[in-house]
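J.: Predicted model and sequence follow; I will ask about them next.
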Amino acid sequence: MSHKNKSIYVGVDVGASRTKVAVLDSDKNMIGHAIRKSGTDFQQTAEICLASALEMAGVAADKITSTISTGYGRKNVSFTNSTKTEIGCHAKGAYHYFPMAITVLDIGGQDNKVIRLDDRGRRLNFKMNRKCAAGTGAFLEEMSLRLDIPLEEMDALARESTGMVELGSFCTVFSATEVLEKIRQGKKVPDIVKGLFFSVIKRVLEMDIMSGKVVMTGGVVAHNPYLVEMVREISKMDVSTPEYPQLAGAVGASLFAMED
Amino acid sequence: MSDEKKADRRQFASGKILKKIMADHFYELDEASRTGSRKVAWCTSVGPAELLRGMGFLVYFPENHGAMLGSTRMSTEVIPSANAIGYSPDICSYLTSDIGAYLQKKTPLKAAYNIESVPKPDVLVFNTNQCRDVKDWFNWYAEEFKAPVMGVHTHRELGDIKGYQISDIAKQIEELVPGLEKVTGKKFDMDQFKEAVEFSRRTSELWRACLESASAIPSPWTFFDATIHMGPAVVARGTKEAVEYYEILLAELQDRIKNKVGAIENEKHRIYWDGMPVWGKLRSLSEQFVSLNTCVVASTYCNSWIFDQLDPKDPFGSMGRAYLELFIVRDEDFKEKYMRDCFEKYKFTGIIFHDAKTCPNNSNNRYGLPERLSRHFGIPQLTINGDLNDLRCYSEEQAKTNIEAFIEQLDERA
């Protein structure tokens, strides 16, 4: 394989929900990647994820030139050379795919971020969600349990909606009560699920002003691509995602490893 | 890993004197409370302390006790007791910590000084210049201790200060005298009052000079150092001891400047902190900034105990002015201009706002100020969510990640 004589760079993104690893060659091609539940042993999960990504890339661990870890568990990764915040890494990863002035909307399992970058990829501003689950994957997970709908079925259900139900509350618990009220009123499940998606989007869009192209990243976007279409429709902006939205942070970390 | 680097926090030799002043302050109050040897007045931290000292009271500041409850992290375990008797988790967590601790018969004074409880007040005197919460706080204790409570009601959201507003506050302070005379049983002595005002003014001048020493590059100290060393400016202003303490501290700071000794090794970034400290996380935040080669050089908070308008020639009038011209009393335009002036003085490269959940009056990020200042200066700003005392409102991981990302952002610009 052509990358065998090239330097190998690894990014490990230990998120609150999932651990992601991206392996890049020196031409910035992603030659391996893996995603696992982070679980309770971040170090072990990172090692398993790395082994899987390296196997896909067809390279041995001793061929790695440099590794950067990011995410909530970034400091639990023993084999990393250095760490960067997930804010920096998502920005770097998103700019790699869309090298222009962009606003990154990252919707993760337990947090979300809005990061504005200039046309050179430098951060102008960033905001993370405040200390609650509104607008994050955790909100959809909670609602999936309440409604007894598997998470992986929500995207398709939302697309079936013909009359979206609007939910008004900031709070996940209050939203759950609102959902119960809608069920009692006989609202259709697809309309409720679309309402949940809309709630996530509203929480993110109200965090900051969007400018330039909008790039959506994160696991919630990866598993629910309808969210991207909804943001495009609501914001009337140019909205895109990288091929693997969930890996944007890990790719960003690999790119930092290249500069390290 | 940048954040893992061992933090090298330079200590101050004057710290020993600071500890003695604070210890003596509490021992003296405790002795007076137990024996009745002197009258004890409770006073809000920016209340009319000079008048109380001038009338011979020992002065106790519950907010200082609140900060101790926060820094020892006792606050989060005692706040629920105050919530349970009707004081909302959304109001001042100094109030809820302090009342909660009293209800649970706990105090950080026990571990620090082997003192069993806060001193019993003979009178409680507030000034609402900070907020209304202090009045409610003092009213609760007045009922509990069956002690008289009195205070000054200050105008709010002020732009230019008018003469009639100063006269009003001066008059309100003067009108406290007859009530206080009843408590002391002694006639008000103008000379003693003027002496307290003079000591307080001198303390303020020195405290200002100490704070402004941070305009040096590298800065000889940090906001975190100042939050500790401001103790005497709060609890001992109006005394000779406070004046002598700040003369020593200032000399130490000037010595550092002369020898180019920075508080942070390789000071790379300079930050302005707006809002309250997160008392329970002071050390860990301080160490994080050290590890990021970043000096928090100045703050609105520590500047709030500068009262150099005080003038013994016009003690009531100058107190009226000093306690009315405070940052916290002023309108948004004044605050913006004030911070612009600070930018010129301290040459910071980023601003961090602490949005304290239970202290709206000290959270200046809520009306667009961060965005306006960022646009004006062309420097980045960050808001972290937290609280002064209630750590239930603070996500340490999220705050520290935000700070680390903010410094990464400054690195990109460097």
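T.: Received the coordinates, thanks. What you see is a predicted model; the values in this text were computed from it and never measured. Numbering: from 1, shown residues only, chains lettered A, B, ... in the order given.
J.: What sits closest to residue 92 if chain neighbours are left out?
T.: Just so you know, I chose chain A. Closest residue in space to residue A:92, ignoring its immediate chain neighbours: residue A:252 at 3.4 Å, by C-beta to C-beta, 6 or more residues apart in numbering or on different chains. The way it works is simple: take the backbone N, C-alpha and C, and place the C-beta from them, glycine included.
J.: Chain B was what I was after
T.: Among residues not flanking residue B:92 along the chain, residue B:133 sits closest, at 3.9 Å (C-beta to C-beta, 6+ apart).
J.: which is the next helix or strand following the helix or strand harbouring residue B:335?
T.: Residue B:335 is part of helix B:332-346 when elements are defined by DSSP states H and E. Next helix or strand after helix B:332-346 toward the C-terminus (DSSP H and E): strand B:350-356.
J.: what's the following helix or strand past that following strand packed up against?
T.: For strand B:350-356, the succeeding helix or strand toward the C-terminus, using DSSP H and E, is helix B:369-377. Contacts defined by 3 or more C-beta pairs under 8 Å, 6 or more residues apart in numbering or on different chains; DSSP states H and E place helix B:369-377 against helix B:332-346, strand B:350-356, strand B:381-386.
J.: so can I have a markdown table of those showing distance to chain A and mean neighbour count?
T.: Formatted as a markdown table, the helices and strands packed on helix B:369-377 follow (distance: least, C-beta to the nearest C-beta, whole Å; neighbours: other C-beta atoms under 10 Å in any protein chain shown):
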| stretch | distance to chain A | mean neighbour count |
| --- | --- | --- |
| helix B:332-346 | 18 | 16 |
| strand B:350-356 | 9 | 24 |
| strand B:381-386 | 5 | 24 |
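J.: mind giving me a markdown table with those and columns for mean pLDDT?
T.: Below are the helices and strands packed on helix B:369-377 laid out as a markdown table (pLDDT from 0 to 100):
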| stretch | mean pLDDT |
| --- | --- |
| helix B:332-346 | 95 |
| strand B:350-356 | 97 |
| strand B:381-386 | 96 |
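J.: Distance to residue B:169 for these - can I get that in CSV?
T.: Shown next, in CSV, are the helices and strands packed on helix B:369-377 (distance: least, C-beta to C-beta, whole Å):
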stretch, distance to residue B:169
helix B:332-346, 17
strand B:350-356, 26
strand B:381-386, 32
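J.: For residue B:68, which of those is the nearest?
T.: Nearest to residue B:68 among these is strand B:350-356 (17.2 Å), distances taken as C-beta to C-beta.
J.: who's in contact with that closest one?
T.: By C-beta atoms under 8 Å, 6 or more residues apart in numbering or on different chains, the surrounding residues in contact with strand B:350-356 are B:269-278, B:296, B:339, B:362-366, B:369-370, B:373-374, B:379-388, B:393, B:403, B:406, B:409-410.
J.: Give me the buried entries from the residues you listed.
T.: Buried subset of the contacts of strand B:350-356 (neighbour count, 16 or more other C-beta atoms under 10 Å in any protein chain shown): B:269-278, B:296, B:339, B:362-365, B:369-370, B:373-374, B:379-388, B:393, B:403, B:406, B:409-410.
J.: Contacts only, for residue 11.
T.: Chain wasn't specified; assuming chain A. Going by C-beta under 8 Å, 6+ apart, residue A:11 touches A:21-22, A:24, A:67-70, A:89, A:249-257.
J.: again, only using 7 Å
T.: Residues near residue A:11 by C-beta atoms under 7 Å, 6 or more residues apart in numbering or on different chains: A:21-22, A:68, A:70, A:89, A:250-254, A:257.
J.: What pLDDT is listed against whichever residue of chain B sits closest to chain A?
T.: Sorted by distance to chain A under C-beta to the nearest C-beta, the residues of chain B start with residue B:405, at 3.8 Å. Per-residue confidence at residue B:405 stands at 97 (pLDDT).
J.: quick one, what contacts it?
T.: A:85, A:87-88, A:126.
J.: switch to 8 Å and redo it
T.: Here residue B:405 is in contact with A:85-88, A:126 (C-beta under 8 Å, 6+ apart).
J.: Then residue A:212?
T.: A:100-103, A:116-117, A:119.
J.: the strands in chain A, which residues?
T.: Secondary structure of chain A by DSSP state E: the strands cover A:8-14, A:18-25, A:30-37, A:64-70, A:82-83, A:102-107, A:112-117, A:123-128, A:213-217, A:239-240.
J.: in the lowest-mean-pLDDT helix or strand in chain A, what's buried?
T.: Here the helix or strand of chain A ranked lowest by mean pLDDT, DSSP states H and E is helix A:172-184, holding a mean of 85. For helix A:172-184, burial by neighbour count (16+ other C-beta under 10 Å) applies to A:172, A:175-176, A:178-179, A:182.
J.: Over to stretch A:76-92?
T.: So, applying 16+ other C-beta under 10 Å, buried residues of stretch A:76-92: A:76-77, A:80-92.
J.: now, the most widely separated pair of those residues?
T.: Between any two of the buried residues of stretch A:76-92 (C-beta to C-beta), the greatest distance is 22.3 Å, for A:76 and A:91.
J.: ok, the closest residue in space to residue A:243 that isn't next to it in sequence - how many residues close by?
T.: Spatial nearest neighbour of residue A:243, chain neighbours left out: residue A:97 (7.7 Å); criterion: C-beta to C-beta, 6+ apart. Around residue A:97 there are 17 other residues, counting by other C-beta atoms under 10 Å in any protein chain shown.
J.: Quick check: pLDDT value at residue A:97.
T.: pLDDT for residue A:97: 97.
J.: isn't it right up against residue A:244?
T.: No: when contacts are counted by C-beta atoms under 8 Å, residue A:97 is not listed as touching residue A:244 (9.5 Å).
J.: can you tell me which residues contact residue A:117?
T.: With C-beta under 8 Å, 6+ apart, residue A:117 has these contacts: A:91, A:94-95, A:101-104, A:123-124, A:212.
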